[in-house]
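> kindly generate the corresponding structure for this input.
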Amino acid sequence: MTKYNIALIPGDGIGPELMSSAKMLLESINDKTSVKFSLTEVDAGDNALSKFGKALPDFTLDAIKKSDACLKAPVGESAADVIIVLRRLFDLYANIRPAKSFPNIKSISENVDLVTVRENTEDVYLGWEFYANSDTVVALRVISEKASRRIAEYAFKTAVMRGEKKKVVSVHKANVLRKSDGLFKNICRDVSTEFPQIEYSELYVDACAMNLIRNPESFDVIVTTNLFGDILSDEAAQVVGGLGMGPAGNIGENFSLFEPVHGAAFDIAGKNIANPCSIFLSTKMMLDWLGEKFKDPLLFTEAIKIENAIVSLLKQNYKTIDIGGKLSTSEFTRMLLDIW
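This next block holds a predicted model:
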């Protein structure tokens with residue numbers, strides 16, 4: 001029997017409350033099924049910075065390196081010193097952001113089910129900026145054939161595995177950024193020829209942003225560069241009701257990290273009112289990834305049960321206080337565990 005080693009980062013603000021809910025879920029799976037976990041909590045974020053002088057202490061990195069996957073709750077002002085470092089260290093090249101309509105969650109459309117596949121390692125997020133003179137800053141944008149090809153391949157493989165739409169749209173601004181986005185566009189076109197069963201199209205990023213509002217249900221898989229993907233995936237989350245329902249995966253070849261997409265929400269921290277659905281759905285994504293990596297169908301079964309339980313509660317309009325419901329974080333968590 002395989003035991004999966006999971007590193008847990010409780011983070012800051014509402015992070016520890018959300019991680020408590022996720023940990024209860026993982027412990028319940030461990031106790032009631034044949035799926036077994038070894039859970040290790042590690043420090044990272046603002047609290048770690050104040051206690052140890054580093055937002056990502058060495059002992060935390062060591063624990064993460066020994067794990068099969070990491071589940072991270074939101075962290076505070078030191079977020080870039082945590083997640084960007086981990087993305088680069090583990091080469092987590094694909095940022096995967098599903099956006100889906102859920103019952104009784106306000107959405108532009110009730111039929112949205114899309115995923116943004118965002119390149120996660122280059123673009124302006126490398127932070128290569130310098131002063132050209134005293135009043136002018138230049139930021140360098142890096143787009144490579146290698147990174148563009150592997151994110152395009154990931155997007156098309158994702159479309160193959162999803163539902164009936166089987167569509168990929170490449171989003172860029174090659175009419176202005178002719179060399180960098182031109183390269184990305186051409187690589188996506190090249191990869192599309194390897195997947196004739198997938199409907200391929202292209203959109204300029206501004207047109208994509210508009211169509212996400214006007215016709216969000218038409219999208220299936222969006223593949224794009226780092227900066228554009230960061231913006232569009234947040235927009236897509238708002239289309240389906242906000243970041244509180246938004247999970248994310250940072251995917252590498254041999255290791256992946258999963259996290260809610262929203263921030264630490266210090267204004268409601270400690271009040272026990274935060275919606276835990278985002279971290280539950282991130283946990284679901286983690287189980288799916290582990291199931292695929294280790295060829296374990298039991299993990300897929302538990303992942304499906306998590307989403308089904310969330311849908312069941314939302315259909316009955318059971319929601320936490322921060323999204324207009326009456327339940328506390330812990331009450332919603334207990335209800336989910338009861339029906340899971």
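
> show me the helices in this protein, by range?
With DSSP state H as the criterion, the chain has helices at 15-32, 46-52, 58-65, 79, 85-89, 145-161, 180-192, 205-214, 226-239, 277-294, 297-315, 329-339.

> pick out the shakiest of those helices, pLDDT-wise.
Among these, helix 79 has the lowest mean pLDDT, at a mean of 89.

> residues making contact with that one?
Contact with helix 79 is made by G45, G263, as judged by CB atoms under 8 Å, 6 or more residues apart in numbering. Yep, even glycine has a C-beta here, placed from its N, CA and C like the rest.

> gap between it and the chain center?
Remark: helix 79 is offset 14 Å from the chain centroid, using CA atoms, centre = their mean, to the nearest Å.

> for stretch 109-123, same thing?
On the basis of CA atoms, centre = their mean, stretch 109-123 is displaced by 9 Å from the centre of the chain it belongs to.

> go on, stretch 99-106?
The chain centre lies 17 Å from the centre of stretch 99-106; the measure is CA atoms, centre = their mean.

> distance to I108 and mean neighbour count for the helices of the chain - can I get that in TSV?
Output for the helices of the chain, formatted as TSV (distance: least, CB to CB, whole Å; neighbours: other CB atoms under 10 Å):
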stretch	distance to I108	mean neighbour count
helix 15-32	26	20
helix 46-52	34	17
helix 58-65	37	16
helix 79	28	20
helix 85-89	30	17
helix 145-161	22	19
helix 180-192	27	20
helix 205-214	7	16
helix 226-239	5	20
helix 277-294	18	22
helix 297-315	17	17
helix 329-339	24	17
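
> low pLDDT regions in the stretch 1-150 of the chain?
Scanning the stretch 1-150 of the chain for pLDDT under 70 picks out 1.

> before we move on, back to that, looking at the helices of the chain, which is closest to K106?
Closest of the helices of the chain to K106 is helix 226-239, at 10.0 Å (criterion: CB to CB).

> what lies in contact with the closest one?
Under CB under 8 Å, 6+ apart, the answer for helix 226-239 is 95, 97, 99, 107-109, 112, 114, 116-125, 171-173, 205, 208-209, 212-213, 216, 219, 222, 224, 243, 245-246, 248, 261.

> could you dump the helices of the chain into CSV and include distance to I268?
Output for the helices of the chain, formatted as CSV (distance: least, CB to CB, whole Å):
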stretch, distance to I268
helix 15-32, 9
helix 46-52, 16
helix 58-65, 26
helix 79, 18
helix 85-89, 26
helix 145-161, 33
helix 180-192, 39
helix 205-214, 27
helix 226-239, 18
helix 277-294, 14
helix 297-315, 20
helix 329-339, 10
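
> so which of those helices gets nearest N254?
Each of the helices of the chain has some distance to N254 by CB to CB; the shortest is helix 277-294, at 8.1 Å.

> that closest one packs against which elements?
strand 3-9, helix 15-32, strand 69-72, strand 94-100, strand 247-251, strand 256-260, helix 297-315 (3 or more CB pairs under 8 Å, 6 or more residues apart in numbering; DSSP states H and E).

> got those as JSON lines, with distance to S38 columns?
Below are the helices and strands packed on helix 277-294 laid out as JSON lines (distance: least, CB to CB, whole Å):
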{"stretch": "strand 3-9", "distance to S38": "5"}
{"stretch": "helix 15-32", "distance to S38": "9"}
{"stretch": "strand 69-72", "distance to S38": "12"}
{"stretch": "strand 94-100", "distance to S38": "25"}
{"stretch": "strand 247-251", "distance to S38": "21"}
{"stretch": "strand 256-260", "distance to S38": "17"}
{"stretch": "helix 297-315", "distance to S38": "15"}
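
> right, so of the ones you listed, which gets closest to A132?
For A132, the closest of those is strand 94-100, at 30.3 Å, according to CB to CB.

> give me the residues contacting that closest one.
With contacts defined as CB under 8 Å, 6+ apart, strand 94-100 is touched by 112-120, 150-151, 154, 158, 216, 226, 229-230, 233, 236-237, 239-240, 245-252, 261, 281, 285.
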